[in-house]
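Peer 1: quick one: sequence plus predicted model below, questions after.
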Amino acid sequence: MELFGVTPWVGKVCERLAAAGYLAIAPDFYWRQSRRAELGYDDAGRQEGFRLLGHLTREGVADDTEASLAAGAELGAGAGRAFVGFSLGGHLGVLAATRLPLDVVVSCYGGWTLDGGIPLAEPQPPLTPQGAASVAAHGTMLLGLVGGQDFLISMVEWQRLGQRLEQAGVRHELIDYPAAQHGFLCEDRPESYDADASGDAWKRILKALAQLPHQG
């Protein structure tokens, strides 16, 4: 899910993952405040997204992630458990990994994980030393993707993130695309979409998911 909810583009991402052979579910984390929020990519949508985001709790994120994984298992998913998130979704994936045993988390330009900045990441963000240690203890592999021109995540913060993961022993790969902006994967936002960066990122996403354990 994005800040803007379970948008049509998020639906297309699920279809793309399903076409690659995965059972994909996009949980609506806003459901306690607004069912099926589908906000526009404009100032009004962004404002409403931040309003809804302000009501999210860490317990709710963990519960909804766990419920989605359970629903996937009931539908016949394999043994692997992954979270692929974009912007806010990337943050939620990292947060979930501190609380649940996920095999792979793909965080695409997921901010606020190291220094906070939203109510959900206060008083402490997900990747404190203790939070990073929890991700490592779960054996989670973290793939992080970001644009070098991202307004939300500086390259200095990106480097510090890598250091935090390294110190905690989290298996990870952090990739930056120097010319790309925040949201570069979303073709529904032509002002920031980057076809070259997106193409490479999708190869890396599918490569990371290919590491998931199969049903024995």
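Peer 2: Yep, it's here. Residues are numbered from 1 along each chain as shown.

Peer 1: other residues contacting stretch 54-68?
Peer 2: Stretch 54-68 is contacted by residues 25, 27, 29-33, 83, 92, 95-96, 99-100, 118-120 when judged by CB atoms under 8 Å, 6 or more residues apart in numbering. Glycine gets a C-beta too; all of them are placed from N, C-alpha and C.

Peer 1: cutoff 6 Å now
Peer 2: Residues outside stretch 54-68 that contact it (CB atoms under 6 Å, 6 or more residues apart in numbering) are Ile25, Pro27, Phe29, Gln33, Leu92, Leu95, Ala96, Arg99, Pro119, Leu120.

Peer 1: and stretch 112-122, by the same measure?
Peer 2: Residues outside stretch 112-122 that contact it (CB under 6 Å, 6+ apart): Gly54, Leu56, His91, Val94, Pro125, Pro126, Leu127, Glu157, Leu161.

Peer 1: buried subset of those, written for ChimeraX?
Peer 2: Applying 16 or more other CB atoms under 10 Å to the contacts of stretch 112-122, the buried members can be selected in ChimeraX as follows:
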select :56,91,94,125,126,127,157,161
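
Peer 1: need phi/psi at Ser107.
Peer 2: phi -110, psi 110 (degrees, to the nearest 10).

Peer 1: out of the contacts of stretch 54-68, which end up buried?
Peer 2: Buried members of the contacts of stretch 54-68, scored by 16+ other CB under 10 Å, are Ile25, Pro27, Phe29, Leu92, Leu95, Ala96, Arg99, Leu120.

Peer 1: confirm that the fifth one sits in a strand.
Peer 2: No. The assignment for Leu95 is helix, going by DSSP: H, G, I helix; E, B strand; the rest coil, so no strand is present there.

Peer 1: cool, thanks, signing off.
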